[in-house]
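Q: Coordinates for the following, if possible.
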Amino acid sequence: MIDNKNKIAVVFGVRNESSIAFHIALRLHQSGCKVVLNYVNNTKDEVLYLLEKHNMDTSYAAEVDVKDEGQISSFLEKIYKELGPIHYLLHGVAFGNQNVLCYSIPGSGKPTPSYIDIPLEDFVDSFDISAYSLLRISRVAEPLLAENASILTLTYNASQRVFPAYAGMAINKAALENIMMYLSSYFRKSAVRVNAISAGLVMTTSAGGINGVRKLRKVGKFTAPLGNVDASDVADTALYYFSDLSKKVTGNIHYVDGGFNIMGVSKDEE
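A: Reported below is the predicted structural model:
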C-alpha cells in the first residue's frame, strides 16, 4: 500500500463525482494525503458536497479560475503557508465550447460547426483553460513545491490520432503534452517530475459533450485488448505518479486505455 501520510496534494479540475480528477483526489485521500480541491462558481456546491461525503477537509477548498494567475497564487500560497510545501499537483482541467468541439445540440436546428471554421477567439479561450493553464499553475507553484514533488496532467489520444468528434480540443491536448515535456526538462534543477496520463474515453460529464461518444465507447470495447476503462482505473495509475515509486519518471505519457493506442484495426465484434 502506498503511504502518503503528511503529504499535501492539490487537485484542479473536479467537476462532479464522474470526474477523473475526483477519483484521483479520492485515491490520494485514501493513501493518506491532505487533499485540497479548487472549484468554479457552478461546481462549488457539488465539490463541497463530495468533500464532506468522503470525510475530506473543506477548509482550504476555494474558487479558482485557472485563467487568473492571481487567484491561483492566493490559493496555493495559502495552502503553503498553512499546510506546508505541496507534494502533488494534478492538472485535470479542460474546456471547449460547441464551436471548438464542433457539435450542435440535437433539436436546436442549428448547423454543426465545421472544424475548418473554428473561431480563433473560442479556440484561444479553450487553449488557455485546457493547455496553457498547466504552464501557469506550474509557474505559480514552483517556489511552493516540496522536494521531489510530482505534477501530473490528463490528456487523450486525440492528440496523436484523428477523432473527428474531438475536433479543436485535440489541438489543446497536443499542446498540453508538449508543455508537459518541456516542463519536465525545465524542472530538472529541482527534481520535480512532470508526467501525463493519456486516459481512454471515460464517461464523464465533459465526455457527454463529445459528438458520438457512445459510438466511441463501443469502438473502444472491441478495439482495446482490455476493453474500455473507467475513472477508477485512471486513478490507480495516478497514484503511482503521486508516490515515491515514480521518483525517477518524468516527461512520460502513460496510456491507461486498455491498450487502444497500440491497435491499427479493431477486432471483429463477437
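Q: can you confirm E147 is in a helix?
A: No: with DSSP: H, G, I helix; E, B strand; the rest coil as the criterion, E147 is located in strand rather than a helix.
Q: Not counting residues beside it along the chain, what's closest to it?
A: A191 (7.0 Å; CB to CB, 6 or more residues apart in numbering). In short, each C-beta sits where N, CA and C put it, glycine included.
Q: A174 now?
A: Counting by CB to CB, 6+ apart, the residue nearest A174 is S159, at 4.1 Å.
Q: is it true that the one you found touches E177?
A: Yes: proximity of S159 to E177 meets the contact threshold set by CB atoms under 8 Å, at 5.4 Å.
Q: Please read off the pLDDT at the spatially most central residue of the chain from the model.
A: Against the mean C-alpha coordinate of the chain, by CA atoms, centre = their mean, the closest residue is G92 at 2.3 Å. G92 is assigned a predicted lDDT (pLDDT) of 97.
Q: Now for it: which residues touch it?
A: Residues counted as contacts of G92 (CB atoms under 8 Å, 6 or more residues apart in numbering) are V11, F12, G13, V14, S19, I20, A21, I24, T153, L154.
Q: quick one, phi/psi of the fourth one?
A: V14 has phi and psi values of phi -70, psi 130 when expressed as degrees, to the nearest 10.
Q: tell me the contacts of it?
A: Shown in contact with V14 (CB under 8 Å, 6+ apart): A21, F22, A25, L37, N38, Y39, T43, V47, L50, G92.
Q: likewise the third one?
A: Shown in contact with G13 (CB under 8 Å, 6+ apart): S19, A21, N38, L90, H91, G92, V93, A94, L154.
Q: can these go into CSV with extra columns for secondary structure and distance to T250?
A: Formatted as CSV, these follow (DSSP: H, G, I helix; E, B strand; the rest coil; distance: CB to CB, whole Å):
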residue, secondary structure, distance to T250
S19, coil, 25
A21, helix, 21
N38, strand, 24
L90, strand, 16
H91, strand, 15
G92, coil, 19
V93, coil, 21
A94, coil, 22
L154, strand, 16
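Q: Format the residues you listed as CSV; extra columns: distance to L183.
A: Converted to CSV, these look like this (distance: CB to CB, whole Å):
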residue, distance to L183
S19, 23
A21, 19
N38, 20
L90, 14
H91, 10
G92, 16
V93, 15
A94, 17
L154, 15
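Q: For these, name the two members farthest from one another.
A: Using CB to CB, the pair of these lying farthest apart is N38 and L154, separated by 14.9 Å.
Q: neighbours of the residue nearest to E147, just the number please.
A: 13 (other CB atoms under 10 Å).
Q: Check the one 5 residues further on too.
A: Burial of A196, expressed as a neighbour count using other CB under 10 Å, amounts to 27.
Q: And D233, by the same measure?
A: For D233, using other CB under 10 Å, the count is 19.
Q: if I read this right, it contacts Y255, doesn't it?
A: No: with contact defined as CB under 8 Å, D233 does not count as touching Y255 (11.3 Å).
Q: Now Y255. Its backbone dihedrals?
A: The phi/psi pair for Y255 (degrees, to the nearest 10) is phi -80, psi 130.
Q: sorry, that was for K34
A: In terms of degrees, to the nearest 10, the main-chain angles of K34 are phi -90, psi 110.
Q: mind checking the longest helix of the protein?
A: Criterion DSSP state H: the longest helix present in the chain is helix 168-186.
Q: Which stretches in this structure count as helices?
A: 20-30, 44-53, 69-83, 98-101, 120-127, 133-141, 168-186, 213-223, 231-241.
Q: and the longest one, how far from the chain's centre?
A: Distance of helix 168-186 from the chain centroid (CA atoms, centre = their mean, to the nearest Å) equals 12 Å.
Q: swap in stretch 105-116?
A: 27 Å.
Q: which of the residues in that stretch are buried?
A: Buried residues in stretch 105-116, defined by neighbour count with 16 or more other CB atoms under 10 Å: P113.
Q: picking that back up, of all the helices of the chain, which one comes closest to P113?
A: helix 98-101 (4.9 Å).
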